[in-house]
Structures are given as C-alpha cells and as structure tokens.
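K.L.:
got a sequence here, can you build the structure:
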Amino acid sequence: MTQPLILWFRRDLRLADNPMLTSAVASGRPLLPVFILDSETETLGAAAKWRLGLAIEAFGARLEGIGSRLILRRGPALVELESLIAETGAAGAMWTRAYDPEGRARDTAVKSALKARGLIAESHPGHVLFEPWTVETGQGGCFKVYTPFWKAVRGRPVPQPSPAQVRLPGPATWPGSDRLGDWRMGAAMRRGAAVVLPWQAVGEAAANDRLRRFLAGPIQDYREARDYPARDATSRLSENLTYGEIGARTIWHAGWRAMEEGKAGAEHFLKELVWRDFAWHLLYHTPHIATRNWREDWDSFPWAGDNPLAEAWRRGMTGEPLVDAAMREMYVTGTMHNRGRMIVASYLTKHLMTHWKVGLDWFAECLTDWDPASNAMGWQWAAGSGPDAAPYFRIFNPATQAEKFDPEGTYRRRFVAELSSRTGSEAMSYFDAVPRSWHLDPKTPYPKPIVALEAGRERALAAYASRKS
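P.N.:
Next up is the predicted model:
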C-alpha cells in the first residue's frame, strides 16, 4: 500500500464528480497525478490545443492548492506510464474512459500491457452520463435516432456527483516533470490567442460559476431564448465539458433540481445535455461518423472539396451577414452560438455544395469547445448524411433566419464591423484574430453575396433529386 498509484488525467481535469479520483483516494495509496501529451493530443487543432494548455495549467494550480501536483510527460502514453512506474515503483494506473476510436485503441493497449505485468490498470466512467454500451434499443442495438434515445434514458438514475477532494496523499518522492511552457500548446494560435483569451472561463471554479449563473436566470427561458444569438441565454458550459472542468452528472442533477423547482426551460436544457451523450453513443458504436458519410448512400453525392467559395466562408466574407457574423464570432470568442453553427453548416454543405468534412476540419481547428463526437454529429446532421439528420430539403436560408432570430441585427452588427458606422470592439477584434495572410482590415469592402440564396438552394435540391433518382 506504500506503492503510489498513477492517476492518468486526460479530459477530466476536476476534483469533484470524478469517479476515477474517488476510487483512487479510497485505495489509500499515495497518488501521482499525471498528464501525458501523447500523439492523440499533439494532433489537436490550434484552438483546442491552446485551450487544453490553459486547462492543464489551471488544474495543476488546483492540485497544488490541496498539497499535490501535476506531473507532465510527453511521448507515447504506454512508454511514459511505464517510465513513471519504473521511476516511482508505482502499483499501476487509473484513468477515465475514452470513447473515440483512437482513444479506445490507445487505452486498450495500455491496459493489456500493464495487466500483463500484474499491475493495476483500471478505467472508470466520468465523461458521459450513460456508458454507450448500457443504452440499447429493444432489439439490443444502438440508437440511431435521438428522441427514442432520450426516452430510454430520461428516467434512468444518474449517480450523485462526488464532492471535490480536499486532499490527495502524495508519494514520498516526486518524479521529474516537463515544463508546460516548453510544450508550446498555443503556438499555432499565434496572435489569435490574445483575442480569444478574455472569453475563456478556465478551470473547475469558473465552470461552476457559469453553471450557477445559468441556473439563477437564463434557464427559465432557455427553450425559446437559446435560438437567439444576441441574447445571453445559454450556459456556455460546452467549453468546460470539453476539458472535464465540470462533470456531466453535476450539470444533470443541477438541471433536474431546476426542473423540479418549476423552471420552464430546465427539461429542454437536460435534453441538450443528453444530445451530447447521444453523439458519444454514436461515435462509440459507429466510429466512421467522424471521417466519412454515416449513410453510405451519400457517398455518391456531388459535394466539392475545398474550394474558393469555401475559403470565403472560412474567412467570414460570404456576403451573407448572419453566416459571416457566426464565423467571426468563432475567431473572436473561440466558440459559436448553436444556431449559428447550424446555419453556417447548412450554408457550406448546401448553398455552396461543399463537403461537410471541410467544415468539420475547420471547426476542429478553431473551436475552443471542440468535441469530436458533437462536431461530427452536428456536421452530418446539417449536411443530411448522418443519423437523425435534417432532411436534405431543409435548407436554412440565412436571410430569413436573420429576420427570425436576429430581427434587430444586433448579433450581425456585433461581429461584422462593415455593417455599422459605430463599430464595437468585438467586431474589430476579428481583424486582430485572423491570419495576416488573409490581408483583411476594417477598410476592406464588405463583399456582395458569393451565391444567390435561391439559386444555391435550387442547385442543392437538384443534386438531391438526382441522387435519389
């Protein structure tokens, strides 16, 4: 029992609602928290990798506050774990489960190797509400449509989150650690990091503050107000869920209490939390959703690859103010309103007839709340090629969407400087965030629409009809 236990942290950077950490403390062993920058983490997009660096820094400080520390190592996970075991005489390792194909393959190899040596190798739940293999249809398969999935889990008990650990017993001697600064997690962000930083709420305390703020007000009108991007109507917890700075079970129980208290939007908020679970359920059971059409009959659809129109979309210079506002919001804040995500995805895949993978990859590069399951599910939903997808003939018209959900133009003016004579700091920040190679400044004329909306719609419908025939 004097042998330390390695706690291999990944996307679970919190002290509360952490089953792995609770189990480790109960073991009575000295505990050695570790974060490994392995190949799966090295390949993260610029914004996600930078934001992960902030999360690691905050979690390390939180551990130091309870008398522990976070050891940093860089390299293949198994190699680094075995090196730490050799250095410290550790009895083995624990971690929170991953559900993406690359993470599962890595973890399976680590578990097999450690167990073969007679060492502790335990994986624990903690990233989702319901383990993907525990939710089955009546026929014993995975769910492919959201509504039945929601009905299947709505009444299920969700374990109460454990309280935050207040002390972690450490080893007698600590092993060496990399310096986080040497990892240069934000190198690819370049000048954009300074623009996006003020919008981040980093760490467990900030995540809980966000939840409290949302429960104190916006949750009441969440169901209707969440579709209006100019309103402060959402929780913004996607960023914190991505890095495990707050647990899904913590949010679930808080939302459930709000529903029992009669707050009108609480159940719909819970449905959105379960939508995240549904995305991970699909990625676990059908991992190809992240890389190719979920519906194979879409493989022949005539989407274009990357192209000049897609580049205009990428730069927020399409001439469609709502599309451009949403794209620019992402560059300024690191995230994008969900209504905006649906509109820009529909516009790229339907009006511009560009493959959803182009958009998926760009979101992975630019979002600080990037989540592989939700990103894949969202893009294929919008494109029409995925499970429970929007029908292909449902094509969001950015102009009518703007009339309905941004009737006064507040959101568009907030992020598109060219639309207002009294430009705010957020709209101007876009020009500070984007690559210099784009050669954009506030004096650049705002473009005319790169495609006529009705013509783009008719072209998409014709392609759809041709595919069906």
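
K.L.:
when you work out contacts or count neighbours from here on, use the C-alpha atoms and nothing else.
P.N.:
Fine.

K.L.:
secondary structure class for the spatially closest residue to residue 441 that is not a sequence neighbour?
P.N.:
Spatial nearest neighbour of residue 441, chain neighbours left out: residue 431 (5.7 Å); criterion: CA to CA, 6 or more residues apart in numbering. Counting by DSSP: H, G, I helix; E, B strand; the rest coil, the backbone at residue 431 sits in helix.

K.L.:
tell me how far residue 431 lies from residue 45.
P.N.:
Distance of residue 431 to residue 45, computed by CA to CA, to the nearest Å: 20 Å.

K.L.:
residue 434 now?
P.N.:
Taken as CA to CA, the span from residue 434 to residue 45 is 15 Å.

K.L.:
residue 340: helix or strand, and which one exactly?
P.N.:
Here residue 340 is covered by helix 338-346, with elements defined by DSSP states H and E.

K.L.:
got a list of contacts for that helix?
P.N.:
With contact meaning CA atoms under 8 Å, 6 or more residues apart in numbering, helix 338-346 is reached by 227-229, 322-323, 326-327, 356, 359, 378-379, 382-383, 395-398.

K.L.:
also stretch 250-257?
P.N.:
So stretch 250-257 is in contact with 17, 160-161, 211, 215, 266-267, 269-270, 273, going by CA under 8 Å, 6+ apart.

K.L.:
SS state for residue 13?
P.N.:
Following three-state DSSP, the label given to residue 13 is coil.

K.L.:
that one against residue 55, yeah?
P.N.:
Yes - the pair residue 13 / residue 55 is scored as a contact, 7.2 Å apart, by CA atoms under 8 Å.

K.L.:
now the element after the host helix or strand of residue 72, going C-ward?
P.N.:
Following DSSP H and E, one finds residue 72 within strand 71-74. The first helix or strand that comes after strand 71-74 along the chain, using DSSP H and E, is helix 77-88.

K.L.:
and that following helix, average pLDDT?
P.N.:
Averaging pLDDT along helix 77-88 gives 98.

K.L.:
buried stuff in that helix?
P.N.:
77-78, 80-82, 84-85, 88 (16 or more other CA atoms under 10 Å).

K.L.:
quick one: least confident helix or strand in this structure?
P.N.:
helix 453-468 (a mean of 90; mean pLDDT, DSSP states H and E).

K.L.:
now that one: buried residues?
P.N.:
The neighbour-count check on helix 453-468 (16+ other CA under 10 Å) flags 453, 456-457, 459-461, 463-464 as buried.

K.L.:
confidence score at residue 281?
P.N.:
Residue 281 is given a pLDDT of 98.

K.L.:
residues near it, how many?
P.N.:
Other residues near residue 281 number 26, with proximity taken as other CA atoms under 10 Å.

K.L.:
and for residue 116?
P.N.:
By other CA under 10 Å, 11 other residues sit near residue 116.

K.L.:
and what of residue 28?
P.N.:
14.

K.L.:
how about it, what does it touch?
P.N.:
With CA under 8 Å, 6+ apart, residue 28 has these contacts: residue 1.

K.L.:
got the phi/psi numbers for the residue nearest to residue 1 when sequence neighbours are not counted?
P.N.:
Closest residue to residue 1 apart from its sequence neighbours, by CA to CA, 6+ apart: residue 29 at 5.5 Å. Taking degrees, to the nearest 10, you get phi -90, psi 160 for the backbone angles of residue 29.

K.L.:
on that earlier part again, out of the contacts of stretch 250-257, which comes closest to residue 7?
P.N.:
The shortest gap between residue 7 and any of the contacts of stretch 250-257 belongs to residue 17, at 15.1 Å (CA to CA).

K.L.:
dump the helix holding residue 340 to PDB, keeping only the CA atoms.
P.N.:
Taking Å, rounded to 0.1, in the frame of the first residue of the first chain, the C-alpha atoms of helix 338-346 are listed here in PDB:
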ATOM      1  CA  ASN A 338     -25.500  26.800 -31.800                       C
ATOM      2  CA  ARG A 339     -28.000  28.500 -34.100                       C
ATOM      3  CA  GLY A 340     -25.000  29.900 -35.900                       C
ATOM      4  CA  ARG A 341     -23.400  26.500 -36.200                       C
ATOM      5  CA  MET A 342     -26.400  25.100 -37.900                       C
ATOM      6  CA  ILE A 343     -26.700  28.000 -40.300                       C
ATOM      7  CA  VAL A 344     -23.000  28.100 -41.400                       C
ATOM      8  CA  ALA A 345     -23.000  24.300 -41.800                       C
ATOM      9  CA  SER A 346     -26.100  24.300 -43.900                       C
END
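
K.L.:
fine, thanks again, bye for now.
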